[in-house]
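Colleague: I would like to see how this sequence folds:
(chains A and B)
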Amino acid sequence: MMKKVGEVVLLWLLILFIQIAAGEGYSPPGKPTNISCRSPEKETFTCWWQPGSDGGLPTTYALYYRKEGSERVFECPDYKTAGKNSCFFSKNVTSIWVNYNITVVATNSMGNTFSNPVDIDVVYIVKPNPPEEVVVNVTEDKDWPFLQVSWKPPKMADTRSGWITLIYEVRLKLENENKWEELSAGQRKIFKIYSLRSGGTYDVQVRCKPDHGFWSEWSPTTRVKVPEYLPQERSMWILIVVFAAFILIICIWMIYMNFHSVKHYLLPPVPGPKIKGIDKQLLKSGKSEDIFSSLVVSNFPPTTSNYEDFLVQYLEVYVPEERELIMDEGKDLQDDSFKTENSTCDNDSGRGSCDSHTLLIDKGGGDKEDGQQTDQEGSQAEAEAKSHEEVMEKEHLACCHENAQIPNISKEKEKVKSWPSLFSPLPQYSLSPVNRPNKPKMGNQHCLSDGLFTPNSLSSYFTQPGPSTTKSFRSNYWECSLDHKQSHLLHPQTAAHEHLQAENDLNVAYVDYMGAPLDVHELSVRPTEYVEVQRVSDEDVVLLHPVTPSHENSYTISHQTEDYSRVRMVNNNNGLLLLQRDDIEEEKNMCPYEEEMVSRATSTGCRASVTSTLPNSATGINTALPILDEKAASGYVDTATMFGLPTY
Amino acid sequence: MTTTSVVQWGLWALLLWPQHLAASIPLDCRDDQGNLSRCTSISQEKLLDRVIHHAELIYRVSEELSSLFEELFIPFSFRLQSNQAAYSCITKALPIPSSKSEVQQISDKWLLHSVLMLVQSWIEPLVYLQMTMERYDHAPDMLLNKTKWVSEKLSSLEQGVVVLIKKMLDENTLATGYGEQGIVQNDVQPEVLESVMRDYTLLSCFKKDAHKMETFLKLLKCRQTDKYNCA
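Modeller: Numbering: from 1, shown residues only, chains lettered A, B, ... in the order given. Just a heads-up that it's a prediction; the model follows:
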């Protein structure tokens, strides 16, 4: 019994062992998977599968297919051509537009395994070969190079007959980049690429696809190098920059050369002052004293407070030959407010100009002057104006000598602004300055008077019009004596002053004198004056007092009208020396003044003569005033009676 | 193009009313002056080119149509592989060459006739497809437009092939037969899924047949130009 059990157990163990031994390495094959088929030209196709485990035993694979509409099963005709685990379907067995049902069976000694069936249609599994003979050319096109890519379709694909229609695709990249740029080329076999990097190296590839299938693989890379074409641009830019810089330099240079004219055009200069004697530089310096000092050419403006000196022109005192005339004249003139006109006034003289109204000198008398002049010239010592006007004019002329030109009566005419009515024209002498001051302009100093004119008397005359005038008058007389030495009577004044004063004096004298004939005023009694005393007060105000005869018509005129006496000088006592008319005649002989510059000599000479004649004249004169007979003489103030008379 | 062809059709119907059963449908041909006249002047090569161009376009649009429909209405599990045709097509019964070797062996005449058969067999299904597309919910306009366009283009392709046959083969063939193939069954309302799958199959089969037409015509062209080197 025991033996039987043991045998059974051994048998079982043996069987079990065998079974185990058998089961370890051997099993039916695994299922084939991933069946894929491809056709390169739509005429043949190949299928591949993935075998499963083989089960330890040699396994064989078989592919069976079935066409649509038929149950007949065929086996793969060719297992070898396409390699392992593949099946190649040749043309003969390939049908297009027909569904294939393909199954792969793995078989080994243990069994066989079927794969999942796969349905395919050859049309839809076409994947051609890559294009062949890819050629890339670099083509120069007007310095802008481009690439021309050309290729041929794969040999196996029958595109010529139209069996397959392929579309192509090109891609390129720079050799050191990673990203490709893909460009579609359609059905063409030539493609151009523009916009290349200068001097770059490109890689080009091509692939194709049927209109109903898969893309082919990329063709092998073709490498090409693009030539440099950019540097030409750079050189052009450099040229442009250099040219522009050159032009800029030229423009700057031109502006620099014409800078002043441009500046003058844009910013025109401000015109400067054009006053004679004014110096712009002094203006800039800002010192008014300097400025005005330059203007002080002929005692202007007055630097002293003695503005009395400032003034009026000389008055001629004519010893009237025609009293009537004079008197008449005087009337008229007085009516005219004793204004005469010098047509020949000099602008630069600095005299209280003949034209100035302040002197109350009217230009209306210019005509008269002319007449006077002619007469004077022609006539003898006495410029006898047949008309009052003439007379007066002469006087004025005499008054107004200014310059050395004085000897000419005509010239003196110029600014004779004086009391035309007051004075009778003195012929030659009238025009000659009595005392020439040092300054040539003083020419007209006709302030010599034949008679003395006491300042007091004068003052008395002038008191009424105003104290100021009196003084001024006085000062005028001082001036009249003009000059220098004699100028003890005179203040050393500027010529202008002397002028003025002389005139004033004369005027005064005339006034007084004229008062009688003209019934205007009387010298002695009335301080009525026609004197226009321009007196420059301390405030630089020139005061003129046209003395209206109406106020004070002195009737001493009767006395006075007789003669116009010249006021030759004013003594230091402010006496006005009046030259009586007769004497005047002498004087004129004695002191030809013509054309003599202001000189002391002449004056002295004249003086001398005057003095010499004084006694004569004095006697002849009823005036209490001493009369200096002087020859200088521009203006003659015929104040003989005037000053003499005032002693009434 | 349809309206002009209709006008042409009407004109010819008037002119040739006793011959209204005559096969040929005149093409819309205009001479150089642009006057509408009898189409006699177009050359065979030009006509063939135009026909081929038509076929290419039809195939391209049908491919788009099929893929669009598949995306919209077909679940993943039921989608056919791109190389699959699950269901049999309506045209499987037609004697159409199915390989290049077969194609090389048949004559031009048979090629043309094959094309004509294909074209004519698809005219009605496409009309049916047009109708069914509108039944789908949320069907995009593009789907409907493409279907309509394909249908129209197919009609004009048929006309061209007919003229081509007349020119090349001197044959007069009939136009589309009326009710030759009763594929469409309008009376039965299938289930939703089934109808969807059927439409999907229709579109796939049409896509394939369009490709057939295109290929045949191109082969024909090659034969015309270079007989000995063509396949």
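Colleague: when you work out contacts or count neighbours from here on, use the C-alpha atoms and nothing else.
Modeller: Will do.
Colleague: before we move on, what SS does A:Asp119 have?
Modeller: With DSSP: H, G, I helix; E, B strand; the rest coil as the basis, A:Asp119 sits in strand.
Colleague: phi first, then psi, for A:Asp203.
Modeller: Dihedral pair for A:Asp203: phi -110, psi 130, per degrees, to the nearest 10.
Colleague: which residues of chain A score low on pLDDT?
Modeller: Across chain A, residues meeting the criterion (pLDDT under 70) sit at A:17-25, A:141-142, A:230-233, A:277-283, A:286-288, A:290-315, A:320-648.
Colleague: pull the longest helix from it.
Modeller: In chain A, with assignment by DSSP state H, the single longest helix is helix A:231-257.
Colleague: and chain B, by the same measure?
Modeller: Chain B, longest helix under DSSP H: helix B:192-225.
Colleague: so how far is that one from its chain's centroid?
Modeller: In terms of C-alpha atoms, centre = their mean, to the nearest Å, the centre of helix B:192-225 is found 8 Å from the chain centre.
Colleague: helices or strands next to the longest helix of chain A in the packing?
Modeller: Based on contacts counted as 3 or more C-alpha pairs under 8 Å, 6 or more residues apart in numbering or on different chains; DSSP states H and E, there is no element that helix A:231-257 packs against.
Colleague: quick one: name the residues of chain A near chain B.
Modeller: Neighbours of chain B within chain A, by C-alpha under 8 Å from any C-alpha of the partner chain: A:43, A:68-69, A:91-92, A:94-99, A:118-125, A:160-164.
Colleague: ranges for the helices of chain B?
Modeller: With DSSP H as the criterion, chain B has helices at B:2-15, B:44-73, B:100-105, B:108-135, B:141-169, B:192-225.
Colleague: most tightly packed of those helices?
Modeller: helix B:192-225 (a mean of 20; mean count of other C-alpha atoms under 10 Å in any protein chain shown).
Colleague: between that helix and helix B:108-135, how big is the angle?
Modeller: Counting by axes from the mean of the first three to the mean of the last three C-alpha atoms, to 10 degrees, helix B:192-225 lies at 150 degrees to helix B:108-135.
Colleague: go through the one helix or strand A:Glu133 maps to and flag the buried ones.
Modeller: Per DSSP states H and E, A:Glu133 falls inside strand A:132-139. Residues of strand A:132-139 classed as buried under the neighbour-count rule (16 or more other C-alpha atoms under 10 Å in any protein chain shown) are A:Glu132, A:Val134, A:Val135, A:Val136, A:Val138.
Colleague: which residues does that strand contact?
Modeller: Applying C-alpha atoms under 8 Å, 6 or more residues apart in numbering or on different chains, the set of residues contacting strand A:132-139 from outside is A:145-155, A:204-206, A:219, A:222, A:224-226.
Colleague: show me how to select, in PyMOL, the buried members of these.
Modeller: Remark: buried members of the contacts of strand A:132-139, expressed as a PyMOL selection using 16+ other C-alpha under 10 Å:
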select buried, chain A and resi 145+146+147+149+150+151+153+154+204+205+206+219+224+225+226
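Colleague: let's see which of the contacts of strand A:132-139 end up in strands.
Modeller: A:146-152, A:204-206, A:222, A:224-225 (DSSP state E).
Colleague: and which of these is nearest chain B?
Modeller: Using C-alpha to the nearest C-alpha, A:Lys152 comes nearest to chain B of the ones in strands among the contacts of strand A:132-139, at 17.9 Å.
Colleague: tell me the SS of the nearest residue to B:Asn229 once chain neighbours are set aside?
Modeller: Once flanking residues are discounted, B:Asn229 sits nearest to A:Ser161: 7.8 Å by C-alpha to C-alpha, 6 or more residues apart in numbering or on different chains. Assigned with three-state DSSP, A:Ser161 falls in the coil class.
Colleague: in contact with A:Ser161, which residues?
Modeller: Residues near A:Ser161 by C-alpha under 8 Å, 6+ apart: B:Lys218, B:Leu219, B:Lys221, B:Cys222, B:Arg223, B:Asn229, B:Cys230, B:Ala231.
Colleague: list the contacts for the fourth one?
Modeller: Think B:Cys222. A:Arg160, A:Ser161, A:Gly162, B:Cys230.
Colleague: and what of the first one?
Modeller: With contact set as C-alpha under 8 Å, 6+ apart, B:Lys218 has these partners: A:Ser161, A:Gly162, A:Trp163, B:Ile52.
Colleague: give me the number of residues near the third one?
Modeller: Using other C-alpha atoms under 10 Å in any protein chain shown as the criterion, A:Trp163 is surrounded by 23 other residues.
Colleague: ok, now how distant is it from A:Glu133?
Modeller: 21 Å (C-alpha to C-alpha, to the nearest Å).
Colleague: same check on the second one?
Modeller: In this view, A:Gly162 and A:Glu133 are 21 Å apart by C-alpha to C-alpha.
Colleague: so who does A:Phe191 touch?
Modeller: A:Gln148, A:Val149, A:Ser150, A:Ala185.
Colleague: same check on B:Leu116?
Modeller: Residues near B:Leu116 by C-alpha under 8 Å, 6+ apart: B:Glu158, B:Val161, B:Val162.
Colleague: ok, A:Ser195 - how many residues close by?
Modeller: Applying other C-alpha under 10 Å, I find that A:Ser195 has 9 neighbouring residues.
Colleague: so who does the closest residue to A:Leu166 other than its chain neighbours touch?
Modeller: In space, and not counting its chain neighbours, A:Leu166 is closest to A:Pro210: 4.3 Å by C-alpha to C-alpha, 6+ apart. Residues counted as contacts of A:Pro210 (C-alpha under 8 Å, 6+ apart) are A:Val126, A:Lys127, A:Pro128, A:Ile164, A:Thr165, A:Leu166, A:Ile167.
Colleague: closest to B:Gln8 out of the residues you listed?
Modeller: Nearest to B:Gln8, judged by C-alpha to C-alpha, of the contacts of A:Pro210 is A:Thr165 at 34.5 Å.
Colleague: in this structure that closest one contacts A:Asp211, no?
Modeller: Yes - using C-alpha atoms under 8 Å, A:Thr165 is in contact with A:Asp211, at 6.4 Å.
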